[in-house]
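Chemist: Sequence below, structure please.
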Amino acid sequence: MSIIARIFLGSFALAGCQTIDVQNGSGDIYFFKDGFVSSYKAYRTGFQLGNDNPRAFAFDPTTDTVSWNSVRKLDGVDAARNKAIIQCEEHAKSGNCRLFDVDGVIVWTGLDPKRKKELLDVASKTVDLTNTPVIDYQMDRFKLSSRQIKLAKTYIEASEKYDASAFFVSANAYSTGWSFYNGTDAYQTAVQAALVHCKQKSEYSDCYLFAADGKPINKDAVQALGPS
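Modeler: From the prediction side, this is the model:
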């Protein structure tokens, strides 16, 4: 997904006069909600799959907004940091988005050590998808919920900024999974990471590939989305 900005004196400018600071977060987080945990697990999946592109994870505790990304190696880790904050603020609009993790290292200070360890233990568990084939979505399998359709459209809009991405829908007609990556060899990583994300969020229900690289994968997916 690529809104790339270069860092200048610890901050960067967006359109107009708006400026957003790129800062590490601080303060204890007393409870990691399910949405945070599933997103953080998806963020770390790239490491499990051997993708070593620079990446960053941002969080706003006041709105529970999270955003994570992976950029090309030539763009560097500063671009990943900047991008994570920009994307987080696009949704939170709070000015409170801060970096939680950079390149797999938690940079948020002040966390309770026990709670931090529990989060890392959960997020670092490897999901074995060796015998899980990637199956394309078909309308006769199940009908998408309005929630899944809304998230699919959000994914398609966001994917324009990335080299590779994938979006899965769960047969529970509620959950979805997605991932966004940059880099010439990122497509397979994106598909596998999105499948893991969907499986985790749906408590291992069946998941189907609905869109890839920002486009519905077949006529059934196009029809399910309805009028654009």
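Chemist: I'd assumed residue 104 was in contact with residue 44.
Modeler: Yes. Residue 44 lies in contact with residue 104 (Cβ atoms under 8 Å); the separation is 6.7 Å. Any C-beta I mention is one placed from the backbone N, CA and C, and that applies to glycine too.
Chemist: With neighbour numbers in mind, choose between these two.
Modeler: More crowded of residue 44 and residue 104, by other Cβ atoms under 10 Å: residue 44, with 22 against 16.
Chemist: Let's verify that one: helix, strand, or coil?
Modeler: Three-state call for residue 44 (DSSP: H, G, I helix; E, B strand; the rest coil): helix.
Chemist: And the pLDDT for it?
Modeler: Residue 44 is assigned 84 on the pLDDT scale.
Chemist: now do residue 128
Modeler: 64.
Chemist: Residue 9 too?
Modeler: Looking at residue 9, the pLDDT reads 23.
Chemist: same deal with the one 3 residues further on?
Modeler: The score at residue 12 is 30. That number is its pLDDT.
Chemist: Surely residue 104 and residue 45 touch.
Modeler: No. Here residue 104 does not reach residue 45: they are 11.1 Å apart, not a contact under Cβ under 8 Å.
Chemist: The helix of greatest length in the chain - contacts with which helices or strands?
Modeler: As assigned by DSSP state H, the longest helix anywhere in the chain is helix 76-92. Packing partners of helix 76-92 (3 or more Cβ pairs under 8 Å, 6 or more residues apart in numbering; DSSP states H and E): strand 19-21, strand 55-60, strand 65-70, strand 98-102.
Chemist: just so I know, which of those lies nearest residue 87?
Modeler: strand 65-70 (4.0 Å; Cβ to Cβ).
Chemist: Spell out which strands sit alongside that closest one in the sheet and which way each one runs.
Modeler: Strands that pair with strand 65-70, judged by DSSP bridges, come out as strand 55-60 (antiparallel).
Chemist: Export only the CA atoms of the partner strand, formatted as CSV.
Modeler: C-alpha atoms of strand 55-60 as CSV (Å, rounded to 0.1, in the frame of the first residue of the first chain):
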residue,chain,number,x,y,z
ARG,A,55,8.1,-2.7,8.1
ALA,A,56,6.4,-0.8,10.9
PHE,A,57,3.3,-1.0,13.0
ALA,A,58,1.5,2.0,14.4
PHE,A,59,-1.2,2.3,17.1
ASP,A,60,-3.4,5.0,18.5
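Chemist: Contacts for it next, please.
Modeler: Applying Cβ atoms under 8 Å, 6 or more residues apart in numbering, the external contacts of strand 55-60 come out as 25, 36, 39-40, 43, 46, 65-71, 77, 80-81, 83-85, 87-89, 92, 94, 96-104, 108.
Chemist: let's see 6 Å
Modeler: 43, 66-68, 70, 80-81, 84-85, 88, 92, 94, 96-97, 99-102 (Cβ atoms under 6 Å, 6 or more residues apart in numbering).
Chemist: same thing with stretch 191-201?
Modeler: So stretch 191-201 is in contact with 38, 41-42, 45-46, 49, 127, 166, 168, 170, 175, 177-179, 207, going by Cβ under 6 Å, 6+ apart.
Chemist: Okay, now the unreliable bits of the chain?
Modeler: 1-20, 48-50, 126-131, 183-185, 228 (pLDDT under 70).
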